[in-house]
Structures are given as structure tokens and as C-alpha cells.
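fold the following for me, if possible:
(2 chains)
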Amino acid sequence: MVSNNLFLEILLILIKIAVVLGIVLLHAAYTVYAERKIIGRMQARLGPTEVGPYGLLQPIADLLKLLTKEDIIPLEAERLIFLVAPLIVLTFAIVNLSVIPFHPSFIIADVNIGILLILAGASLAVYGIILGGWSSGSKYSLLGGLRSAAQVLSYEIPLGMSLAGVILAAESFKLSDIVNHQAQSFFGMNAIPQILGFIVFLICAFAETNRAPFDLPEAESELVAGYVTEYSGFRMGMFFLAEYISIYVMSLLIVHCYFGGWTLPGWLLTIFPPLKFVPAPLILLIKVYFFVFLFIWVRATYPRYRFDQLMSMCWKILIPVSLLNFLIVAFLKRGGF
Amino acid sequence: MPENRLSEPEDPFLSVLELQMGPQHPSTHGVLKLHLKLEGERIVDCEPIVGFLHRGLEKLAENFTYPQVLPLTDRLDYISAMNNNTGYCLVVERLLGIEPPPRGKYLRTMVCELARIASHLLWLATHALDIGAMTVFLYCFREREQILNFFEEICGARLTVSYPRIGGVRMDVEEATLEKVYNFLPEMERRIDEYEGLLSENRIWLERTVGVGVITAEEAIAYGLTGPSLRGSGVPYDVRKHFPYDAYPEVEFEVPVGKNGDTYDRYKCRLQEMRQSIRIIRQCIEKLPEGEVVSELTPDLDMMPGGRMLKAEAFNEVAFISFLQEAKEIFPKGELYSAVEGAKGELGFYLVSDGSGRPYRLHIRAPSFIHISAIPKLAKDHLIADLVAIIGTLDIVMGECDR
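Predicted structure coming up:
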């Protein structure tokens, strides 16, 4: 009897993994398309139009191209590390998905240290970038890897510090607890009392995903392509895919930690009761899509930071601000909110 | 023998990374190569290496007749070919002692300023892209496209125009085209406001440009910088004001100058210059006199409107020799220098004529070449990220530098 139950449980988890992977990979592919379309419109051009209606098949064409391209390994490269680096980045980007709830009753592993696991996964993924840059045997890649190391040293601390406020408020590392706590809290979402923490986290999320204005490790106009300079074919595609998956991970994390996940704040429901009938997954999707859009929007708007400026901003501004946020949360907690 | 600055004995305690940046690099603006010595990302030493686009234009010019040299000048700074053409025409006109009729002068001034706007647009586009603002890039190209369309309507070509000719311009401009250009000006002003809205007060843009690549007025003069790169340091030198040519003495405009000589001031300078160019074009169209566009004194030569065009079948040796014979009688001996305010800086032509109908020597004072020599000074102790901003702010075009 016991073994039968265990078998069913494993099967259920495998199905959940397949569903999550399918949804997220499809989303990642079509985020590339959406990004090209949205930035195209923002920049007074069309974006992809040729492959399929409205260019809708473009991501599939891109994928096929990447899969069929030659996998070039430079002679100068440290072969083993060079081959493994993109795998590290992609693996840890996907692992992060396992502890994120998508629905009150849909989560692959509802572990009680969910946030810590995500922080760990995100920092480990950076090793892939550093190793990839180091092992390529190209100077541009090396500089890209070095920049990534400098970057991770600076943004990880404020990232963790801003999350500490959220954890303190909910008294739990579990993402589903954090979401439920917000729904019952006075403000309805963490973003209102912890606006400082939210801003710090948002800035760090841009640095974490290597997106503009912090796309320093792959800054095209400076380092050709940074750590991906020597990668081709699907190994490059893996870095690419990991970047888009981590956009989703970060957007989900922002929504869960600061915007109440799939719930709506109580005061909004009392003002506008029909909102009660909006299904939970839809609320989550809309919130996540908004932040994905924000990632794209910022890329089209802002110039790139210099890496020493990013470091000084993180150490001199973001860390004190996130500490202040932590203090505010502590006082609010004491005050009974 | 020039001193090789990079072969100094190595300091064993300094871990220096040597990097050959370019000639194929997204932001070396063509085929500039920089030999960098890096300590981490800090630039210890930097040596620009040029010559990848050398086509021997100056030597070629010695084998062409004076009108034939004109298309070569298109290929110097191919982004503002009108200014190059005008510069070359001026030096030949001064050799011949002729002057274009008023309408020709005004048209030349108008197209030169259009070309200056187009060039500054391309500069802003690539400079912003280097610093990471990719949207400005496409916005600038949108407006540049319109200016190139005007060039197409005016003379049939978009980039290598050869529209100014010795003694005037190739042909008159249609009234409808002038009207289109006139109507474009207010729109262009709005567009410049739009770029400023995206960049001028953008915190990241300020952090990336203020205090980067600073050069004082004295140093800038010592390095021979001209144009907006010099004016950014606060020196109000402008060939259009100091040695006026064409219709510039008759139009009103100001010479914008910067204060600190950093990348941001040069950016502000060029944006102001675009506004001044709009002002000049507006005055040119309003004041445009009637009459001929080519001087009547212009010698009846090949490529001259109304002149004898050498047909393809007639272009044999005999015809060419008789043509040269004719040219010999027209072009006097002499040696002279004249300059125009190109989009990048003072674009000078030094011409030696031995009376043979072909230039004995034509030297081009290319601002891009001189500006590149200032890169090591500007880039010292900056980071790689600043280096691309510095290359961008000097506004170099390798076609002009390598000739």
C-alpha cells in the first residue's frame, strides 16, 4: 500500500514538473517574441513579421536555427568547464521554479525554506557565467566573467536584505505563507508598507537577470558579447533561455513577495466587489506579465550603467535603504500591522 | 622613427592584460583598432592603430582632373558628403578666382547644414547605442532618413552626393522640395527635444558622460581638436564664423560652447549645433535669392552643367589629352589652403597646382585623424566602458581618417 502511494506521489510530481516546464519554456520563447515586438513598436519599427502570421513562428524558427548550428569549441577553451557552464546556468534557473507556487494548490515542492532556495539557486547560476567567461579563452569573455563576479558581490546583499523584510513580516520562508499573510494583512500587499524594500528588490532583480541597464557582463558595445562571445549554437541558446526563465522567476518572486501573489488586497475587494470572481491564476498572470513588460520597457529606455557605478550604488545606497526598510517592518510588526 | 610606446620594459608586479580592440568591434565606429593595456578593466595605455580603410584618395586625386576629384571627396566623411564637396569646391574656386552666384551660395549653405544635422544625428545615434540607450539610435535614424530623402530629391543621391560643384551647385532645387525641407524644420526641433527628454536629464546618462574624457581648452588646442570636440572645452572657434564662406556671413547663428570639456558638454554642444543648423536652413530658404546656381565664369569643363560632357565613347586617350590641354590653360599655378567647418571639425584642403590641369598634391586635413590622436590622452585611467563613450564623443569616421 505504502509503495503504491509513493509511486503515485512521484508520478504526480513528475507531471507537475512537466506542466511547469512546458508552460515556462513556452513563455520564455514567446517572451523573446514579445520583447522584439514591443521594443520594435517603442522604437518606431515593426519587429518580426515574416515567419508565420505576425511573425508568430519566429521563436520556433530561432530555436531550430540554434539547434542546427555548429557547436564551436575554441581551441583555447578549457573544454570541460566550457561545456558545463551553460548547463549550470540553465539548471539553476529551472530549479528555482520548483519552489514557486503558481496556485494555492499547485506547487512542485512546498518546502519551508523556499526563498532561501531561490537565493541560493540564483547565486549558483552566476557561477556558470563566471566559469563560462573564464574558460572561453577569450579576453572579452574573461572581462565579462569578471564583471559578473563584481556584480554578484554587490547586488546579492541588498537583494537578500530587502527580502528579509518580507520574511520578517510573514514570519516564514515559505512563499505560500508569504502570499497568504499579505492577503490577511492590513495593507493587503507588502508593496505598500515596504515600498523601499520593493524598489531595492526591483533594482537588484534587474541586476540578477543581467538585463538592461545592468547587462554589464554581456555589454555588446563594450565587450562584443561578454561571456557569451565564444559560445554558439544551443550552448548560447541555453544562456539565452536561462536569462528569460530568470526574468519569470524574478517577476514571480516580486509578485509573491510584494504584490500578494494570486490574491487581491482586501480593501480593493470592498471597494469593487465583482473582483472577487476573478480566478486566482488570472490575477497572478496579469501581475507577472506586467513585470515582464517592465523588464522589456526598461531595456528600451535606459542606457547602461558602468560596473563600478553599479557596485557603488549597491553598497552605498541600496544596502542602507534595505536596512532602513527592515527597521520599518520591525516597527510596523511591533505596532501590530 | 616614432617611439613605440608599447615596448617599454614590463613591470613584473603589474599584471597587465593586452587587448586588441578592433578593427572588428561593435563600437570602434568602422575599422579603428585600439591596442589596449588593461589592469582589470582600467586602461593603463592605449594606442590607436589606423589605416584599415586606406584607399589612397590623396594619391588618386593627383591622377584626376579637378572636377574628377570631386566624387572622391564624397568618400571622405561619407556621413556629411555635402561639407566635403563644398570644402573641395571652395579651394578650387579660390584657385580659379571665381565665386558662386548668390543662389548657388545659399543652396550650398543649406545642404551643408542639412548634412551637418544628418551627421550629428548619426553621431548621437551611435554614441547613445555605445552607452546602451538603444532607442535613441533608431529615433535618430528615422530623422536622418528624412534628410537623406531630401538629398535624393535635390540631387538624386543619398550618401555620395557630389551636389556642390566648382562654381556653384549641380542644379537648382525645386520649389516643392524647398517647401518640404522648410516644413521639416519645426518637426526636427521637436525631435531634438525628444532626444533631450530621453537623455539630457537621465541619471544613468549623466553618470556615464559627466566627467568622462575631460580635456581642457589648452590641451584641446594643443592636440589640434576642432569642431564640437574643441567647443565642448569652451573655445568658440568655428570656421563658419572666423573664416566665413558661402552664405554664412549673411545668416545669423550662434556658436554653442561647453564649459568642462567632458563628454556631456560635447553632447550638449552638438545638440545645440543642430538647433543652430535648423536656424541657418530656415534663413537660407527664406532669403534664397533668384538667379543662376553656377557661376558664369566657371570653366566649361567635364561634369559642368551645360558644359561639354565627355561621352563614354569619346572618353579615349586622344579626347582626354585634348581635354587636359584645355584644362592647362584654365588652372593657374598656385598653392593654397582653405577650410570649411565640417560636421566633425575643421576640414581643410591644401592644394598645390603646377598648372598641369591636375592637382600636383592635395592634402586633406581630416579632423577625425587628428581627433583619434587624442584618444590615449582622454582614455587614460578610465574603464573600457568609458572608452567606448570617448570614441563616440570624438565623432570619428574612419573613411576620413584613413582617406
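
show me what contacts A:D177?
Under the criterion of CB atoms under 8 Å, 6 or more residues apart in numbering or on different chains, the contact partners of A:D177 comprise A:A170, A:E171. C-betas here are computed from N, CA, C, even on glycine.

residues contacting the residue of the stretch 51-200 of chain A found nearest chain B?
Residue nearest to chain B within the stretch 51-200 of chain A: A:K139 (5.1 Å; CB to the nearest CB). By CB under 8 Å, 6+ apart, the residues touching A:K139 are B:L17, B:L19.

rerun at 10 Å
Counting by CB atoms under 10 Å, 6 or more residues apart in numbering or on different chains, A:K139 touches A:L223, A:V224, A:T229, B:L17, B:E18, B:L19, B:Q20, B:M21, B:L36, B:L38.

need the longest helix for the chain.
No chain was given, so I picked chain A. In chain A, with assignment by DSSP state H, the single longest helix is helix A:2-42.

ah, no, chain B please
Max-length helix for chain B by DSSP H is helix B:102-131.

does chain A have contacts with that one?
Yes - under the criterion of CB under 10 Å from any CB of the partner chain, chain A is reached by helix B:102-131 at B:T126, B:A128, B:L129, B:D130, B:I131.

count the residues that sit near whichever residue of the stretch 201-350 of chain B sits closest to chain A.
Evaluated by CB to the nearest CB, the stretch 201-350 of chain B has B:I204 as its residue closest to chain A, separated by 4.8 Å. The criterion is other CB atoms under 10 Å in any protein chain shown. On that basis, B:I204 has 20 neighbouring residues.

pick out the residue of the stretch 1-150 of chain A closest to chain B.
A:Q43 (4.0 Å).

give the next helix or strand downstream of the longest helix of chain A.
Taking DSSP states H and E as the definition, the helix or strand that follows helix A:2-42 towards the C-terminus is helix A:58-68.

in a helix, the residue of the stretch 201-350 of chain B closest to chain A, correct?
Yes - assigned with DSSP: H, G, I helix; E, B strand; the rest coil, B:I204 falls within a helix.

quick one: low-confidence ranges for the stretch 101-250 of chain A?
For the stretch 101-250 of chain A, applying pLDDT under 70 flags no range at all.

domain ranges for chain A, per the record?
Chain A breaks down into these structural domains: A:1-68, A:70-334 (assignment by automatic domain parsing).

distance between the ends of the last one?
I take that to be domain A:70-334. Between the opening and closing residues of domain A:70-334 we find a distance of 61 Å, counting by CA to CA, to the nearest Å.

near chain A, which residues of the stretch 1-150 of chain B?
Within reach of chain A by CB under 10 Å from any CB, the stretch 1-150 of chain B has these residues: B:17-21, B:24-28, B:36, B:38, B:40-42, B:126, B:128-139, B:141-142.

the same query, at a cut-off of 8 Å, please.
B:17, B:19, B:25-27, B:40-41, B:128-135, B:137-139, B:142 (CB under 8 Å from any CB of the partner chain).

out of the residues you listed, which are buried?
B:19, B:25-27, B:41, B:128-135, B:137-139 (16 or more other CB atoms under 10 Å in any protein chain shown).

from the residues you listed, which is closest to A:I283?
Set against A:I283, the nearest of those by CB to CB is B:T135 (31.3 Å).

helix or strand for that closest one, which one?
Residue-wise, B:T135 maps onto helix B:134-155 under DSSP H and E.

flag every buried residue along the helix or strand harbouring A:D177.
Assigned by DSSP H and E, A:D177 belongs to helix A:175-184. Applying a neighbour-count criterion of 16+ other CB under 10 Å, one finds A:L175, A:S176, A:D177, A:I178, A:V179, A:N180, A:H181, A:Q182, A:A183 buried in helix A:175-184.

same question for stretch B:171-187.
Of all the residues in stretch B:171-187, those buried under the rule 16+ other CB under 10 Å are B:D172, B:V173, B:L178, B:V181, B:F184.

who touches it?
Taking CB under 8 Å, 6+ apart as the rule, stretch B:171-187 contacts B:103, B:107, B:110, B:114, B:146-147, B:150, B:153-155, B:278, B:281-282, B:285, B:288, B:293, B:305.

now list the buried members of those.
Applying 16+ other CB under 10 Å to the contacts of stretch B:171-187, the neighbour count classes B:103, B:107, B:110, B:114, B:146-147, B:150, B:154-155, B:278, B:281-282, B:285, B:288, B:293, B:305 as buried.

starting at the chain centroid, how far to stretch A:92-112?
Using CA atoms, centre = their mean, to the nearest Å, we find the averaged C-alpha position of stretch A:92-112 to lie 13 Å away from the chain's own average C-alpha position.

can you check stretch B:226-238 too?
If you compare the mean C-alpha spot of stretch B:226-238 with that of the full chain, they lie 15 Å apart, counting by CA atoms, centre = their mean.

how long is it end to end?
This stretch, stretch B:226-238, spans 8 Å end to end (CA to CA).

would you mind listing the buried residues in it?
Buried residues in stretch B:226-238, counting neighbours by 16+ other CB under 10 Å, are found at B:T226, B:G227, B:P228, B:S229, B:L230, B:R231, B:G232, B:S233, B:G234, B:V235, B:Y237, B:D238.

out of these, which touch chain A?
On the criterion CB under 8 Å from any CB, none of the entries of those sits beside chain A.

of the contacts of A:K139, which is the nearest to A:I72?
When these are ranked by distance to A:I72 (CB to CB), A:T229 comes first, at 11.3 Å.

what residues does the stretch 101-250 of chain A have near chain B?
The stretch 101-250 of chain A comes close to chain B at residues A:139-140, A:142-143, A:146-147, A:212-213, A:215-216, A:219-224, as judged by CB under 8 Å from any CB.
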